[in-house]
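A.B. asks: Output the structure for:
(chains A, B, C and D)
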Number of protein chains: 4
Amino acid sequence: MIVEMRRGATEEQINAVVERAHTYGFETQLNIGTDKVVVAILGSDTGRVPTEVFEVLPGVQSVTRIMRPYKLASREFKDEVSLVRIGDVIVGGPQIVVIAGPCAIESREQLLSTARHVTRVGARMVRGGAFKPRTSPFSFQGLRGEGLHLLDEVRREVGAPVVSEIIDPHLLDVMVDHVDVLQVGARNMQNFTLLRAVGRSGKPCLLKRGLASTVTEWLQAADYVLASGSAQVILCERGIRTFETSTRFTLDISSIAVVKRDSHLPVIVDPSHAAGHYQLVPTLARAAVAAGADGLLIEVHPDPTNAMSDGLQSLTFSDFERLMGELRLIAQAVGRSL
Amino acid sequence: MIVEMRRGATEEQINAVVERAHTYGFETQLNIGTDKVVVAILGSDTGRVPTEVFEVLPGVQSVTRIMRPYKLASREFKDEVSLVRIGDVIVGGPQIVVIAGPCAIESREQLLSTARHVTRVGARMVRGGAFKPRTSPFSFQGLRGEGLHLLDEVRREVGAPVVSEIIDPHLLDVMVDHVDVLQVGARNMQNFTLLRAVGRSGKPCLLKRGLASTVTEWLQAADYVLASGSAQVILCERGIRTFETSTRFTLDISSIAVVKRDSHLPVIVDPSHAAGHYQLVPTLARAAVAAGADGLLIEVHPDPTNAMSDGLQSLTFSDFERLMGELRLIAQAVGRSL
Amino acid sequence: MIVEMRRGATEEQINAVVERAHTYGFETQLNIGTDKVVVAILGSDTGRVPTEVFEVLPGVQSVTRIMRPYKLASREFKDEVSLVRIGDVIVGGPQIVVIAGPCAIESREQLLSTARHVTRVGARMVRGGAFKPRTSPFSFQGLRGEGLHLLDEVRREVGAPVVSEIIDPHLLDVMVDHVDVLQVGARNMQNFTLLRAVGRSGKPCLLKRGLASTVTEWLQAADYVLASGSAQVILCERGIRTFETSTRFTLDISSIAVVKRDSHLPVIVDPSHAAGHYQLVPTLARAAVAAGADGLLIEVHPDPTNAMSDGLQSLTFSDFERLMGELRLIAQAVGRSL
Amino acid sequence: MIVEMRRGATEEQINAVVERAHTYGFETQLNIGTDKVVVAILGSDTGRVPTEVFEVLPGVQSVTRIMRPYKLASREFKDEVSLVRIGDVIVGGPQIVVIAGPCAIESREQLLSTARHVTRVGARMVRGGAFKPRTSPFSFQGLRGEGLHLLDEVRREVGAPVVSEIIDPHLLDVMVDHVDVLQVGARNMQNFTLLRAVGRSGKPCLLKRGLASTVTEWLQAADYVLASGSAQVILCERGIRTFETSTRFTLDISSIAVVKRDSHLPVIVDPSHAAGHYQLVPTLARAAVAAGADGLLIEVHPDPTNAMSDGLQSLTFSDFERLMGELRLIAQAVGRSL
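C.D. replies: Sure, this is the predicted structure:
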């Protein structure tokens, strides 16, 4: 950390900075410039300390972080890529893992027909929401427990692992036996109670990026899960909130490259929530594969015009099949399989 | 709702829109223009239905909402201003209610000395966090149960109602007897499980705006609380996330006027989290009072340089006292008291 | 346009809306709902009229646009894709057109060596800035007239068309004989004097998206150029400003699909300015090709560590050559060539 | 500037950083930490050098600026507040200067009646646009030269200085004799050719903040004007672009405090463009005065419902008069006059 003192800061003020650094076990080095004094705070874990510990001291003008504020998710902590294994599916390896299925589980027939179709054309895992977080209290809130039992059928009959969202830490006991990957939604990315509970469960966690979260905050959220015991986190970019309104969110395609550079965790992309409209989903899916995403999370529905949730962003069976064919070619072009 | 059909939409496609409207009990009216057909969907509660119910139909180009997507929080539902009463404190009336105290409760001495000071110079309620949501898992997480008992002392000794944040619906039983107003933090504004639990408790709720939430989504979140039984919601603007980095968040001062126009709920401002720095807090507090805020939520600490959380944005006792004097003059200038 | 009246709007107020519509030559249709009256304003060019013409009238609650506010750039105005021809280069056709070269022209050797290299490995046009807009008045401002003469040498010796930025309408006479495509930079996207001048010149225009401009505003800016006589506009997405700071801007990859849906104009991507760092450029370039961009604008420099401008986002010769190889495979995977 | 080297950076790479610093005349100091080496670049004008001069060197991980990238506009360059004098009007002193008038000059009667009214109730200067930058090429573009002559009449008859926007550097000769303050609009804040021309004219400049510009970039733009010879710059906050759509822009009220802290230049607020709706203008104006703005720029029109531009955000004569009365009370409450 670099502490810049104001012009005219007193020796006493500079010493207070140095002493505070020592209480954290850090070393310091003074740079006495022509205009002002700069104190470098040195140590291997300065990233753990908030900058305001120093900013709040009298005579301090600004504090700049050199170490990143996350640790367990960082490349510096672990340099080789982490592979997340769910049964025989590996996320982070040469194969791009497509996870597909309906936004919300609506019925046995709806879920199973979708699961059969998407796995037949190449999806490796099935998604389906049993407990739904909805912006309005008057919207459909999910089949809940009944939905979980339908996910069991998918695992048995279709033989694919399933991903489902957890919206309350106290649902963990209910969900843990029915779900292979626990999804933490964008609106819960900083629900720290939930992150810790998921981490303690030991289940793989699919951690969506908050819609107003920086990549740094996303990796801090991953640290919560990792610090609670889990070693298995899959990051999922799903679009951020910007001033642009022609899409529901703005897919931050660059974040894939940033995550790959700064973290060892695998990262996938959800083109459905980013786009908000089925016509735009294939473009974003193609871009994600070309950009190096380790997988995709795509909403598919047997009859989107009658879906109870997010029908507008769901692909039909035939659209999904066509898209998988296109993605396969791009995957090969970037040296991967699908 | 206004459904615009594509050029060349077929009669069958138009009929499908009309029929779907009828299934919701809405009336329709066709506008057959030179270029395209527009279907107006009419009814008193079209705001409850997501636009995508129609957007997903073939031949539809766009759907525009006329009714707002929230109901209970709207001026149309209730025209007179709602007053929230906590003991003898009234939020939403002529008096501007200042709520002050430390970010996190750290000790008996810290909380009580602050409570005594802030109420002596005019604060009507005391804030203090017992359970702290923190961006990093390595930061101080609050005194928890012990903090709640210290809040009891504030109520007994200082005689002021207390506000504290709830971060998990399952803490409701633990908190409900120790806290007069349950605060829902910005990161939990769309934690719908939590909103419902707080609504069912019947306690007044201080609902912070999410850092990437529109005013409309904020009022939808208020609807969750109101629909769960509570009639007492205080909105709290605390800054939104933008590209500007010279402040921690960007205080959306306009939102006060927008909320006053569109909703009957009282709205207060948290200048501390918006600014992120104690030097900027007084400016934002003054602006909020002039803009018509019904109250302020201000962080005050006996010794900010040694605070365990958010020290940088906390005012000292003397700074707070000076600010209260300034605010009193502005309150009078806008026809209110403090 | 849809004009929603307030509840309780008077007949006189409704008539005023209808009369104003008639003064513009539009037809109207009234929807008298249970709660409120909605007036539909019908006509083939309502997009030309600002919504506030009606919003400002007493009794009006809101006005919603159905027609888009741009015309000449829209798919509705012209349905088939526009091809922009520069010599034998066609932008918008099956071949993805790569334009490469230095940010700023620094010397004869620098420009010509780069031009030779990039065209040898597949770039179809050469870029190079002679007049540079810089954020700080103390930065290098370009070789100016001398730079234009060096661009002539590129055309003669390398045989490739050249693209260069125009920053002042009064430079048109100076530039028009030396440049094949006039680039309008992001910061000038709404410099309407400049847009008109470029349109009148008849030269093809490469129109960068403003860093805080919506796709709609971008197409309105294209309308300025098109309305001034030019038929040749190439749009260029270069990233928008968001809260994320890990990249210089956030590439809005979705905008490619939105532009393709709503406009007939070709659209290319500038991964260099979006990323701001050479390490991230290849990822964004790959994503752009997969997303359907008609071309790329890439900064290449013989010695980026000594570049006078934007060295950090410039590729070396060997990096560019490697990237071209990768892009060729992706272009084939999406049915195009490079 | 602080240059952080990658872990494992070679001595040769570190030396290259040091040598480059020396070529700029800077001193350096090495901090050799446990993990990595940090090079501090010291000197009184490191703010002039872009960070990428170092970022581009091999082995460098990141570069952090300590000196701000603007100079002439900074408090460090000039500590006492700059007063801008236009005739007997002083901007930056104890009196809050209100500038009012129509968005666009439409006719002699419209401009003069407005000028007489606004000055009678306390405005010190009159605004009126002669050359209008409009988002659509099909909108009214201003009375141009005729408008300038009407501004002369305002100066003669009403005796108030006038402010008008310049949209093209080549209009300077035309405008300079008719206008007391040259306004640079938000969309031209980084039109550097224009900034330099205005600076050379010696006229006071009212510099609006770009809608996606940080405070730092705004002060860099001020540096362009100041470096070109002018000593008279008035900054004007007018709202930034964010995800919130209930107002046209989001007024960044905090920027007033940030500018006051970091710069010696006076700063005023334009509540009309920020709000986009006349109902919200008074709230923003009140907040601006309480926050310490040195003035206000407010749109007033004799008949907003028939205005040719921005009628929706214009106040009527009586609304403006009422607002001035309210603002006078708030000005007194913060120790100023109006």
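
A.B. asks: What lies in contact with the helix or strand hosting A:I90?
C.D. replies: A:I90 belongs to strand A:89-91 when assigned by DSSP states H and E. For strand A:89-91, contacts defined as CB atoms under 8 Å, 6 or more residues apart in numbering or on different chains pick out A:L83, A:V84, A:R85, A:V97, A:R124, A:M125, A:P161, A:I234, A:P266, A:I268, A:D294, A:G295. Every residue, glycine included, has its C-beta placed from N, CA and C.

A.B. asks: Give me the mean pLDDT for that strand.
C.D. replies: For strand A:89-91, the mean pLDDT works out to 98.

A.B. asks: hmm, back to that, tabulate the contacts of strand A:89-91 (CSV), appending neighbour count and pLDDT.
C.D. replies: Formatted as CSV, the contacts of strand A:89-91 follow (neighbours: other CB atoms under 10 Å in any protein chain shown; pLDDT from 0 to 100):
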residue, neighbour count, pLDDT
A:L83, 13, 97
A:V84, 23, 97
A:R85, 12, 97
A:V97, 24, 98
A:R124, 22, 98
A:M125, 26, 98
A:P161, 21, 98
A:I234, 27, 98
A:P266, 24, 98
A:I268, 24, 98
A:D294, 29, 98
A:G295, 28, 98
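
A.B. asks: low-scoring stretches of the stretch 1-150 of chain A, by residue?
C.D. replies: Filtered on pLDDT under 70, the stretch 1-150 of chain A yields the residue ranges A:33-34, A:134-139.

A.B. asks: Assumed A:T305 was part of a helix.
C.D. replies: Yes: secondary structure of A:T305, determined by DSSP: H, G, I helix; E, B strand; the rest coil: located in a helix.

A.B. asks: dump the residue contacts of it.
C.D. replies: Applying CB under 8 Å, 6+ apart, the residues contacting A:T305 are A:G311, B:V56, B:L57, B:P58.

A.B. asks: try it again with 10 Å
C.D. replies: Contacts here follow CB atoms under 10 Å, 6 or more residues apart in numbering or on different chains; on that basis A:T305 touches A:311-312, A:314, A:316, B:16, B:20, B:52-58, B:60.

A.B. asks: Likewise for A:P161?
C.D. replies: A:86-89, A:97, A:99, A:124-126, A:151, A:154-155, A:179-181, A:204.

A.B. asks: Inside strands: which ones of these?
C.D. replies: A:I86, A:V89, A:V97, A:I99, A:M125, A:V126, A:V181 (DSSP state E).

A.B. asks: Show me the beta-bridge partners of the nearest residue to A:I268 once chain neighbours are set aside.
C.D. replies: Leaving aside its sequence neighbours, A:I268 sits nearest to A:G295 (CB to CB, 6 or more residues apart in numbering or on different chains; 3.6 Å). For A:G295, the beta-bridge partners are A:V97 (DSSP bridges).

A.B. asks: Look up how far A:V267 lies from A:G295.
C.D. replies: Between A:G295 and A:V267 the computed distance is 8 Å (CB to CB, to the nearest Å).

A.B. asks: Around chain B, which positions in the stretch 1-150 of chain A sit nearby?
C.D. replies: A:16, A:20, A:45, A:47-58, A:60, A:63, A:69-72, A:131-141 (CB under 10 Å from any CB of the partner chain).

A.B. asks: secondary structure class for A:V38?
C.D. replies: strand.

A.B. asks: What sits closest to it if chain neighbours are left out?
C.D. replies: Nearest to A:V38 is A:N31, by CB to CB, 6+ apart, at 4.2 Å.

A.B. asks: Next, the angle from the one helix or strand the one you found maps to to strand D:27-32.
C.D. replies: Using DSSP H and E, A:N31 sits within strand A:27-32. If you take axes from the mean of the first three to the mean of the last three CA atoms, to 10 degrees, strand A:27-32 sits at 180 degrees to strand D:27-32.

A.B. asks: Name the nearest residue to A:L30, sequence neighbours excluded.
C.D. replies: A:V39 (5.9 Å).

A.B. asks: if I pick that neighbour, what's in contact with it?
C.D. replies: A:V39 neighbours (CB under 10 Å, 6+ apart): A:1-5, A:9, A:14-15, A:17-18, A:21, A:28-32, A:54, A:60, A:63.

A.B. asks: Touching, A:Q332 and A:L338? I think so.
C.D. replies: Yes: using CB atoms under 10 Å, A:Q332 is in contact with A:L338, at 8.1 Å.

A.B. asks: what about the helices in chain A?
C.D. replies: Remark: helices assigned in chain A by DSSP state H are A:11-23, A:52-55, A:108-120, A:145-153, A:172-175, A:192-201, A:215-227, A:254-262, A:271-275, A:281-291, A:317-333.

A.B. asks: The second one near chain D at all?
C.D. replies: No: among the residues of helix A:52-55, none lie within reach of chain D under CB under 10 Å from any CB; the closest is 14.1 Å away.

A.B. asks: Model confidence score at the closest residue to chain C within chain A, please.
C.D. replies: Closest approach between chain A and chain C, counting by CB to the nearest CB: A:A290, at 3.5 Å. On pLDDT, A:A290 comes in at 98.

A.B. asks: How about A:E217?
C.D. replies: Model confidence at A:E217, given as pLDDT, is 95.

A.B. asks: who touches the residue of the stretch 201-338 of chain A at minimum distance from chain B in this structure?
C.D. replies: Taking CB to the nearest CB as the measure, the stretch 201-338 of chain A has A:A212 as its residue closest to chain B, at 3.0 Å. By CB under 10 Å, 6+ apart, the contact set of A:A212 is A:186, A:189-190, A:240-242, B:186-187, B:210-213, B:240-242, C:242-244, D:243.

A.B. asks: thinking again about what came up before, mind giving me the ChimeraX select for the contacts of A:T305, buried ones only?
C.D. replies: A single ChimeraX command selects the buried members of the contacts of A:T305 (16 or more other CB atoms under 10 Å in any protein chain shown):
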select /A:311,312,314,316 /B:16,20,52,53,54,55,56,57,60
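
A.B. asks: coming back round to it: where do the contact lists of A:G295 and A:V267 overlap?
C.D. replies: A:V91, A:G92, A:I234, A:C236, A:A288.

A.B. asks: May I ask which of the residues you listed has the most neighbours?
C.D. replies: In terms of neighbours by other CB atoms under 10 Å in any protein chain shown, the shared contacts of A:G295 and A:V267 top out with A:A288 at 30 neighbours.

A.B. asks: could you measure whatever residue of the stretch 1-150 of chain A ends up closest to chain B against B:H277, distance?
C.D. replies: Proximity to chain B, evaluated over the stretch 1-150 of chain A using CB to the nearest CB, is greatest for A:E52 at 3.9 Å. Distance of A:E52 to B:H277, computed by CB to CB: 9 Å.
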